[in-house]
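> Have a look at this fold, sequence not included:
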């Protein structure tokens, strides 16, 4: 199963956090590609909050050995091991954030996980790196729209993102 994980960090050595997360993800299954990295303002957070670095990791998961819920638990464990603490209901800065945005072409609505990620359709910082990897992939539940179509259709008020100069150690969409 090809899975896409959105990664983000806005605290400390942000690029190092993303690179460490890539290595931790590779322990769960082969990392196929990593999108370019982008910087974006901290959306929905207090003024002065440090900006995020974001990218998307494309990896292969043996779906016979790992369910979506199990993978999400693994992602939460990686976050904990990297120093992230979660507070219920709060949007806070974080050293690492890992979200399953796509599980192949499947739509999932589980008690602890919704895929495609419910807010990805309104986030340029998810759609742009995802578009770098799979521009023509149809997103389940959108009536047949592709990643590139959804990105193009974002309203202008959705915050812009900027390419980050340093790139991931894993193969990227442009490699």
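Good, I have the coordinates. Computed from a predicted model, the values in this text were never measured in an experiment.
> I'd like the mean pLDDT over stretch 40-48, please.
Averaged across stretch 40-48, pLDDT comes to 85.
> Relative to the whole chain's centre, how far out is that stretch?
Remark: stretch 40-48 is offset 17 Å from the chain centroid, using C-alpha atoms, centre = their mean, to the nearest Å.
> buried residues in that stretch?
By neighbour count on 16 or more other C-beta atoms under 10 Å, the buried set for stretch 40-48 is 40-43. (Glycine included, C-beta is placed from N, CA and C.)
> Residue 117: which of those is nearest?
residue 43 (14.2 Å; C-beta to C-beta).
> Just confirm the closest one contacts residue 123, I think it does.
Yes. Using C-beta atoms under 8 Å, residue 43 and residue 123 qualify as a contacting pair, with a distance of 7.4 Å.
> what are the ranges of the strands in this structure?
Per DSSP state E, the chain carries strands over the ranges 2-9, 31-34, 38-40, 52-60, 97-103, 108-110, 113-115, 161-163.
> other SSEs contacting the fourth one?
Here strand 52-60 touches strand 2-9, helix 14-26, strand 31-34, strand 38-40, helix 124-133, going by 3 or more C-beta pairs under 8 Å, 6 or more residues apart in numbering; DSSP states H and E.
> could you redo those as CSV and give each row distance to residue 148?
Output for the helices and strands packed on strand 52-60, formatted as CSV (distance: least, C-beta to C-beta, whole Å):
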stretch, distance to residue 148
strand 2-9, 14
helix 14-26, 23
strand 31-34, 16
strand 38-40, 16
helix 124-133, 5
